[in-house]
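>>> Kindly return the folded structure for what I paste below:
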Amino acid sequence: MERPIFQPVGTPVEELDTPALVIDLDVMDRNIRTFQGYFAATTVKARPVVTSHLCPQIAHRQLDAGGTVGGIAVTTLGEAEVFANSGFSDILLANQVVTVSKIRRLCALAGQTSIGIAVDSPDNAQQLSSGAVAAGVELRVLVEIDAGMGRCGISPGIEVVALAQRVDGLPGLKLNGIMGSVPGPKGDDDANQYEAKTKANLQIVLDNKKAMEQAGLSIEVVSVGGAHCYAQAIKMPGVTEVRAGRYPLMDHRLKSFLPELNPAAKILASVISHPIDGMAVLDAGHKSTAPDQGRPVLEGIEGGNATRFSAEHGIVELEGEAQNKLKAGDKAWLVPYELGAAVNQYDYFRAAKNGKLEGFWPISARGRLA
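Below you'll find the predicted structure:
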């Protein structure tokens, strides 16, 4: 568990103890207004996925900004429990819940808030039905289809209709719709090819929704994800919601496909050594930057590049004029490559405005993996 030094409100950001995960609230609010504004004039709405920030304060700001379905999405049951206890009344658990103990927890939660759940097998549907009946609750069910993600989801085709019919006939379950996740962009993707591939993947969901309706089923919700596919999704009749996660805080991975948004969450690090001209050492290593999916990006130092990380140290290579910068005691900013992994290293955001500390915001669902 992180043990931060709780410095007073008004402390200049660069005087915070490091490493620290800092949010610029103005940048975050602009990102939220910009992205959710894309949905204002459409029938498609955003459903914020809170897994990337795990912070109820941020999620409340998202719902208050408009352009959403009025609810959120989570990835684990533990996250759902945290956010239900923080006042959220519409939660989609966009994942499968299969063990007896977790189904009991899910149904207990459904007694206090409206819960949606993904299903991709008849056996799981039967398990959920038995649990819901025993608890005297109703679960909203979305049949999950594999729309190219290669993860969870039933294969497209006749099995989708059969599963939906099975869900529709089980007590304690309400067939709410269909959902699918669309693969995100990779760094070397051609923009035009990626757009065409995204449309094709979204069409898989819509084609299977049509087949379900032709079988006499009522499909209220067509939920697709994530933030990277919004531009295509809002133009495709039949989609009702886009599950979108990283846009409030952004990260380097998503920036190239949403260039109008800016990183609001950055890791503040201190330079602890500058042993040779071409290298500086930061106090932010694997434990504070989570570089497994990609290295964080050093901001504002031309010729500086964060290249390797050990548990407690981050190595920055310096070229040209950058060799005269980042002396011991200086501060440096790192933009996480993959936000969700980096956020899960901390218990608090340091919320800042105009370069000064506004407060410590608990990352309340951090570590709620089960």
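>>> Quick check: the closest residue to residue 288 other than its chain neighbours vs residue 365, distance?
When the adjacent residues along the chain are set aside, residue 288 lies closest to residue 19, with 4.0 Å between them (Cβ to Cβ, 6 or more residues apart in numbering). Bear in mind the C-beta positions are built from the backbone N, C-alpha and C, glycine included. Plainly put, residue 19 is 21 Å away from residue 365 if you go by Cβ to Cβ, to the nearest Å.
>>> Looking at the two, which is more packed in?
More crowded of residue 19 and residue 365, by other Cβ atoms under 10 Å: residue 365, with 26 against 23.
>>> check contacts around the more buried one.
Contact partners of residue 365, counting by Cβ atoms under 8 Å, 6 or more residues apart in numbering, are 50, 54, 55, 74, 78, 79, 82, 83.
>>> Nearest to residue 24 among these?
The shortest gap between residue 24 and any of those belongs to residue 55, at 14.5 Å (Cβ to Cβ).
>>> quick revisit: for the residue nearest to residue 288, give me its contacts.
Contacts were defined as Cβ under 8 Å, 6+ apart; by that measure residue 19 touches 267, 268, 269, 270, 282, 283, 284, 288, 289.
>>> Tell me which two in those residues are the farthest apart.
Spatial extent of these (Cβ to Cβ) is set by the pair 270 and 289 at 13.5 Å.
>>> Among the two, which residue is more densely surrounded?
residue 289 (24 against 19).
>>> What residues does the more buried one make contact with?
19, 267, 296, 309, 314, 334, 336, 342, 345.
>>> Between the two ends of stretch 147-165, what distance do you get?
One end of stretch 147-165 to the other measures 20 Å (Cα to Cα, to the nearest Å).
>>> lowest-confidence helix or strand of the protein?
The element with the least model confidence among the helices and strands of the chain, by mean pLDDT, DSSP states H and E, is helix 252-255, at a mean of 89.
>>> Run through the chain and note the low-pLDDT ranges.
Per-residue confidence for the chain (pLDDT under 70) gives these ranges: 1, 185-189.
>>> Now with 90, please.
Within the chain, the ranges that satisfy pLDDT under 90 run 1-6, 148-150, 182-197, 226, 228, 253-257, 293.
>>> Spell out the residue ranges of the helices in it.
Along the chain, the stretches classed as helices by DSSP state H are 25-37, 56-64, 77-84, 100-110, 122-135, 158-168, 191-214, 230-233, 252-255, 286-289, 339-343.
>>> counting contacts, what elements does the third one pack onto?
Okay, so that is helix 77-84. Counting by 3 or more Cβ pairs under 8 Å, 6 or more residues apart in numbering; DSSP states H and E, the packing neighbours recorded for helix 77-84 are helix 56-64, strand 72-74, strand 90-93, helix 100-110.
>>> tilt between it and helix 56-64?
Using axes from the mean of the first three to the mean of the last three Cα atoms, to 10 degrees, the direction of helix 77-84 lies 70 degrees away from that of helix 56-64.
>>> CA atoms only: put helix 77-84 into CSV for me.
Listed in CSV are the C-alpha atoms of helix 77-84, where the atom choice follows Å, rounded to 0.1, in the frame of the first residue of the first chain:
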residue,chain,number,x,y,z
LEU,A,77,-16.9,-7.4,-9.2
GLY,A,78,-14.7,-5.7,-6.6
GLU,A,79,-14.8,-2.5,-8.6
ALA,A,80,-18.6,-2.8,-8.9
GLU,A,81,-18.8,-3.1,-5.1
VAL,A,82,-16.7,0.0,-4.5
PHE,A,83,-18.6,2.2,-7.0
ALA,A,84,-22.0,1.0,-5.8
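>>> and the angle for it with helix 100-110?
Angle between the axes of helix 77-84 and helix 100-110 is 20 degrees (criterion: the same axes, to 10 degrees).
>>> Name the single longest strand found in this structure.
Ranked by residue count under DSSP state E, the longest strand found in the chain is strand 265-276.
>>> Tell me the strands beside it, with direction?
Within its sheet, and counting by DSSP bridges, strand 265-276 is paired with strand 20-24 (antiparallel), strand 279-282 (antiparallel), strand 331-335 (antiparallel).
>>> need the ones you listed in JSON lines with distance to residue 361 and mean neighbour count, can you?
Formatted as JSON lines, these follow (distance: least, Cβ to Cβ, whole Å; neighbours: other Cβ atoms under 10 Å):
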{"stretch": "strand 20-24", "distance to residue 361": "7", "mean neighbour count": "23"}
{"stretch": "strand 279-282", "distance to residue 361": "24", "mean neighbour count": "24"}
{"stretch": "strand 331-335", "distance to residue 361": "19", "mean neighbour count": "21"}
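>>> No more questions from me, cheers.
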